[in-house]
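Student: sequence and predicted structure below; questions after.
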Amino acid sequence: METESILRYVLGDTAMQKMAQSHVFLSGVGGLGVEIAKNIILAGVKALTVHDTKQCTKWDLGTNFFIHEDDIISQRNRAEATLHHIAELNPYVHVAASTVPLDESTDLSFLKQYQCVILTEVSLSLQKKINDFCHAQQPPIKFISADVYGICSRLFCDFGDEFEVLDTTGEEPKEIFISNITQSNPGIVTCLENHPHRLETGQFLTFREVNGMSCLNGSTHQITVVSPYSFSIGNTSDMEPYLHGGIAVQVKTPKMFYFERLEKQLTNPTCLVADFIKPEAPLQIHVAMLALNHFEENFGRMPNIGCHQDAEEMLKIAMSISETLENKPQVNGDLVKWLSRTAQGFLAPLAAAVGGVASQEVLKAVTGKFSPLQQWLYIDMLDIVIPLEKMGSEEFLPRGDRYDALRACIGESLCQKLHDLNVFLVGCGAIGCEMLKNFALLGVGTGQDKGLVTITDPDLIEKSNLNRQFLFRPHHIQKPKSYTAAEATLNINPCLKIDSYINKVCPATENTYSDEFYTRQDVIVTALDNVEARRYIDSRCVANLRPLIDSGTMGTKGHTEVVVPHLTESYNSHRDPPEEEIPFCTLKSFPAAIEHTIQWARDKFESLFSHKPSLFNKFWQTYPSAEEVLQRIKSGESLEGCFHVIKTLSRRPRNWTQCVELARVKFEKYFSHKALQLLHSFPLDTRLKDGSLFWQSPKRPPFPVKFDFNDPLHYDFIVSAAKLFSTVYCVPFTEQVINTAVVFLFHYLNLFCTKCMYFIPLNTTHLQVVQTDETARKPDHIPVSSEDERNAIFQLEKSILSNEALQNDLEMKPIAFEKDDDSNGHVDFITAASNLRAKMYNIEPADRFKTKRIAGKIIPAIATATAAVSGLVALELIKVVGGYPADAYKNCFLNLAIPIMVFTETAKVRRTEIRNGISFTIWDRWTIYGKEDFTLLDFINAVREKYGIEPTMVVQGVKMLYVPVMPGHIKRLKLTMQKLVKPSADKKYVDLTVSFAPETDGDEDLPGPPVRYYFVQEDN
């Protein structure tokens, strides 16, 4: 299934196969249960049974995105009401509903048909009974229980006494290039300079391609880390001396995890710590939630909403429970009281976050892929309710609408602020869909007079989107994401006001997304997949003093970041390390890994089928006829790109046979002649100045590949290249033509190559010197010799005389690389070309699936992580809307595979000192109001008078308006600002950057904040 392809990159084939054979039972289809169901259905288990005995109520509209008004009117069972919607997410999963009672008297033998059992909204005593049953089975039935009560959540896992995991992290095995191995006990392995190994003590490595100490090749060793660039492997003193080369490859080894039953874990819990600032929090939440369970058992009800008396009673219970636990944790009184007051309520975004984590644990349970949670995860939202302490109890009481569950947690005033919110969501992909669902449940943008959700996404829905972008269905394919997502969101909450756009948010669309547009927004939420777009939107938010909440995922990893004006740093305040580029010489001549050959093949695709055809078309659009070009170059005129264009024209294939010939020529050039030339320039015994061998790790000597028609890889390259050549050169072909060409290939091509493709080595003095410098970049232009120019004249004359330079001959059809259409042959060409180059350099090849991921720069994605991240963003949104103080906000990094979830405080905004007590932050913007005849000198004086410091330099974007040392700039002081800036008619202001003289001569100028200059005084 194409919809599974992105998920395969996360889980792998083995885990996908196990998952597709698994049967899962889920009890409780409330807000948390439906989140878990959604995620595991999208992942693709074989069968899911959803169980629930409750009827749909108004309350459910604000917690369960698959329950609608008519379900309440019909008094439908929650499992039956959601069944169709859940099943619709993935037609390959069999979904059944169960409504029979599940209680203390139930015979649990029916659970034996399932590999995993998930419980939500089940009493603690029944949880213990079911857990005991599951744990006792052989093999054990994997048990997961999860709950969200008000501001607190918990997740518990028990996968049996022993649970084996084959791959604990899901990361690609590391490959380390070796520079030295000592003859000692223990032997110390040193990796190449500037390439840290990033290994951990206890991991296993296997060795290959070691020269000298060759007995290491094929052997496996457990390592001890010595430094970031070295590790020890045991006794090597009796081995042959190390000479050169070698690669150490990480070996994935199975790991056993051990679990205890729920009964035992209740008194001595093993918890994952999510917030290292509050390491005591998990045990405190554990006590608080146990107190809640005991309160319900004792009184036959949950604590009343906002009731202080019930809160005091629950606090007493918590105190006594704490004494029964092994660690006797301290009771957090505020946490217990707020849990009591909000326990009947429900924070849908908290359920989304916990549901994402719980769903990933389900997938671990049925696949054995990734490290399971041991054994508890607790998350609380005390940060949200502490600032609400002074609100009266009536704020939290139900009002008979869909927001009662939310109101019980955050109060009516904060609910109203969410309803009146103007929010701009950028991106309607996986995170965007989840975010819109959260907005609908929170009632964002539903106010009677205020409130609007604006969304934009330029993309159309692809089939591969369906396994994680849950608002989309098969009949939506090739429809705009934003329009479709808006329509689907209205099905969750018809009161939502939503505007949809299909524009990118970038400098080119600033007429649409203007400063006025940003000023109308209360908060901007990004759901993007690239850093450049994030940086741009962040800069627009800073310029317009708007809060921003950013998030992203890659496979099981995710992050959230909150940016609040005047309180926090912005996204641009920190820079992620740049993505490592493969050196030009490595790509061109010295690949050492499959990633290098795939990138080389991707570059060849771009050059042959996109870049060169585009340049060809551009040239002939500039010079309309071949005769005119011939006349010009004969007269000595130099026309840019002329030589390459004429060469392409003279070799233009006219039929399918010639396309095959051209492909065969490329085969010989890329995979034979290239190797022969390199070995001619650098024979195998070549040594460097220090006496060391030139061809040693990571440099691999190439060996020419001899064309073999019977080799499927060779055949695939010829056919895929010929197809693409026929497309760019507009040569028609059919599958029948391709099949009949087999005979042609076999009988003709080898004879053709013997005659036409004899290798003649180039001397090293030739123009194309082999580049060995890793810092060198690809040259922009390769010079053309006078002989090449004479050849061009001859070739063009020949083409004109042969009537092969007519108008149709002067056009090509460039191809844009498209990874998602398997019928276009793009990935086929790159796979064949990459693996042939890998064969030439003795590098392990990659299958088509891996090649597609690397060449297409596919970001692995899974619904579990996107759901968790979007839930965390929506929780921060509540704080932003409430105007909370800086210490309330939390950024998060998570990796559900390990699993870790780390909350950190946001970075406080830095203040930059200029001098004389004058300072600013990124959020400060100085303002100067001018008039029609306002000069640059007037502007400088106005800044000095208003802010107490005189600018020495004024810049507008990249345009230097005033730099005193620049020639003529002193004269600009008399020019009006209108003349200098040249604003468009509708432009009221311009943002300028100013600098100030340093306190000490010789120092750099001091930067200042942006200065917004208004051309005329604004009306108050």
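Tutor: Received it, and whenever you're ready, just let me know what you need. Residues are numbered from 1 along each chain as shown.
Student: what is the nearest residue to Phe517 once chain neighbours are set aside paired to in the beta sheet?
Tutor: In space, and not counting its chain neighbours, Phe517 is closest to Phe424: 7.9 Å by Cβ to Cβ, 6 or more residues apart in numbering. C-beta coordinates here come from the backbone N, C-alpha and C atoms, glycine included. Beta-bridge pairing for Phe424 (DSSP bridges): Thr454, Ile524.
Student: and for Phe424, the neighbour number?
Tutor: Each residue near Phe424 was counted by other Cβ atoms under 10 Å, and the total is 26.
Student: touching, it and Thr454? I think so.
Tutor: Yes - in terms of Cβ atoms under 8 Å, Phe424 counts as a neighbour of Thr454; the distance is 4.8 Å.
Student: between these two, which contacts overlap?
Tutor: Here Phe424 and Thr454 have Gln521 as joint contacts, going by Cβ atoms under 8 Å, 6 or more residues apart in numbering.
Student: got the contact list for the residue nearest to Ile277 when sequence neighbours are not counted?
Tutor: Closest residue to Ile277 apart from its sequence neighbours, by Cβ to Cβ, 6+ apart: Glu905 at 6.9 Å. Glu905 makes contact with 277, 886-887, 889-891, according to Cβ under 8 Å, 6+ apart.
Student: may I have whatever helix or strand Leu377 lives in as PDB, with CA atoms only?
Tutor: Applying DSSP states H and E as the criterion places Leu377 in strand 376-380. Output of strand 376-380 as PDB, limited to C-alpha atoms (Å, rounded to 0.1, in the frame of the first residue of the first chain):
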ATOM      1  CA  TRP A 376       4.400   4.900  34.100                       C
ATOM      2  CA  LEU A 377       4.200   8.200  32.400                       C
ATOM      3  CA  TYR A 378       2.600  11.100  34.300                       C
ATOM      4  CA  ILE A 379       1.900  14.500  32.800                       C
ATOM      5  CA  ASP A 380       0.100  17.400  34.700                       C
END
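Student: chain center to that strand: distance?
Tutor: Relative to its chain's centre, strand 376-380 lies at 25 Å (Cα atoms, centre = their mean, to the nearest Å).
Student: what does the host helix or strand of Ser919 contact?
Tutor: According to DSSP H and E, Ser919 maps onto strand 918-920. Under the contact criterion Cβ under 8 Å, 6+ apart, strand 918-920 has outside partners 911-914, 926, 947-949, 1008-1009.
Student: of those, which pair is most distant in space?
Tutor: Arg911 and Gly948 (16.4 Å; Cβ to Cβ).
Student: ranges for the strands of the stretch 201-350 of the chain?
Tutor: For the stretch 201-350 of the chain, the strands defined by DSSP state E, counting those that start in this stretch occupy 204-208, 220-222, 224-227, 230-232, 247-251, 255-258, 271-272.
Student: shouldn't Val902 be within a strand?
Tutor: Yes - Val902 forms part of a strand when assessed by DSSP: H, G, I helix; E, B strand; the rest coil.
Student: check the offset of the strand holding Ser919 from the chain's centre.
Tutor: 37 Å.
Student: partners of it in the sheet?
Tutor: Here, using DSSP bridges, strand 918-920 pairs with strand 912-915 (antiparallel).
Student: kindly export the partner strand (C-alpha atoms) in CSV.
Tutor: Written as CSV, here are the backbone C-alpha positions of strand 912-915 (Å, rounded to 0.1, in the frame of the first residue of the first chain):
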residue,chain,number,x,y,z
THR,A,912,21.3,44.1,24.5
GLU,A,913,23.0,47.1,26.1
ILE,A,914,23.9,49.9,23.7
ARG,A,915,25.3,52.5,26.2
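Student: could you give me the buried positions within it?
Tutor: Ile914 (16 or more other Cβ atoms under 10 Å).
Student: can you tell me what sits against that strand?
Tutor: By Cβ under 8 Å, 6+ apart, strand 912-915 touches 919-921, 949, 996, 999, 1006-1008.
Student: from those, list just the buried residues.
Tutor: 920-921, 949, 996, 1006, 1008.
Student: over to Glu945: give its phi and psi.
Tutor: Here is the backbone geometry of Glu945 (degrees, to the nearest 10): phi -70, psi -40.
Student: ok, how many other residues are close to it?
Tutor: 10.
Student: tell me which helix or strand comes right after the worst-scoring helix or strand of the chain on mean pLDDT.
Tutor: Taking mean pLDDT, DSSP states H and E as the measure, the chain has helix 735-756 as its least confident helix or strand, at a mean of 56. The helix or strand immediately downstream of helix 735-756 is helix 786-801, counting by DSSP H and E.
Student: my guess is Ala353 meets Leu875, correct?
Tutor: Yes - using Cβ under 8 Å, Ala353 and Leu875 qualify as a contacting pair, with a distance of 7.1 Å.
Student: neighbour count winner among these two?
Tutor: Neighbours per residue (other Cβ under 10 Å) separate Ala353 from Leu875, with Ala353 holding more: 28 against 24.
Student: is it fair to say the more buried one lies in a helix?
Tutor: Yes - remark: Ala353 belongs to a helix, assigned using three-state DSSP.
Student: quick check: closest non-adjacent residue to it.
Tutor: Using Cβ to Cβ, 6+ apart, the closest residue to Ala353 is Gly871 (3.4 Å).
Student: quick one on the thing from earlier: of the contacts of strand 912-915, the lowest pLDDT goes to which?
Tutor: When those are compared by pLDDT, Glu999 scores lowest at 70.
Student: ok so, going back, only the buried subset of the contacts of Glu905, as a ChimeraX command please.
Tutor: Command for ChimeraX that selects the buried part of the contacts of Glu905, burial taken from 16+ other Cβ under 10 Å:
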select :889,890,891
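Student: now the contacts of Glu905 as a markdown table including distance to Ile176 and secondary structure?
Tutor: Shown next, in a markdown table, are the contacts of Glu905 (distance: Cβ to Cβ, whole Å; DSSP: H, G, I helix; E, B strand; the rest coil):
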| residue | distance to Ile176 | secondary structure |
| --- | --- | --- |
| Ile277 | 36 | coil |
| Ala886 | 43 | helix |
| Asp887 | 42 | helix |
| Tyr889 | 40 | coil |
| Lys890 | 36 | strand |
| Asn891 | 32 | strand |
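Student: pull the most distant pair out of the contacts of Glu905.
Tutor: Ile277 and Ala886, at 13.8 Å, using Cβ to Cβ across the contacts of Glu905.
Student: list the contacts of the strand holding Leu377.
Tutor: 151-156, 265, 269-272, 274, 281-282, 285-286, 289, 335, 339, 350, 353-354, 357, 899, 901.
Student: poorly predicted segments of the stretch 1-150 of the chain, please.
Tutor: Applying pLDDT under 70 to the stretch 1-150 of the chain flags residues 1-5.
Student: at 90 instead, please
Tutor: Residue ranges of the stretch 1-150 of the chain with pLDDT under 90: 1-16, 19-20.
Student: ranges for the helices of it?
Tutor: 5-11, 13-19, 31-43, 69-73, 78-88, 124-136 (DSSP state H, counting those that start in this stretch).
Student: just the CA atoms of the third one, as CSV, please.
Tutor: The C-alpha atoms that make up helix 31-43 are tabulated as CSV, following Å, rounded to 0.1, in the frame of the first residue of the first chain:
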residue,chain,number,x,y,z
GLY,A,31,-11.8,11.6,24.3
LEU,A,32,-8.6,9.5,25.1
GLY,A,33,-9.9,6.2,23.7
VAL,A,34,-10.8,7.7,20.3
GLU,A,35,-7.3,9.3,20.1
ILE,A,36,-5.7,6.0,20.6
ALA,A,37,-8.0,4.3,18.2
LYS,A,38,-7.4,6.8,15.5
ASN,A,39,-3.6,6.5,15.7
ILE,A,40,-3.4,2.7,15.7
ILE,A,41,-5.9,2.4,12.9
LEU,A,42,-3.8,4.8,10.8
ALA,A,43,-0.7,2.7,11.6
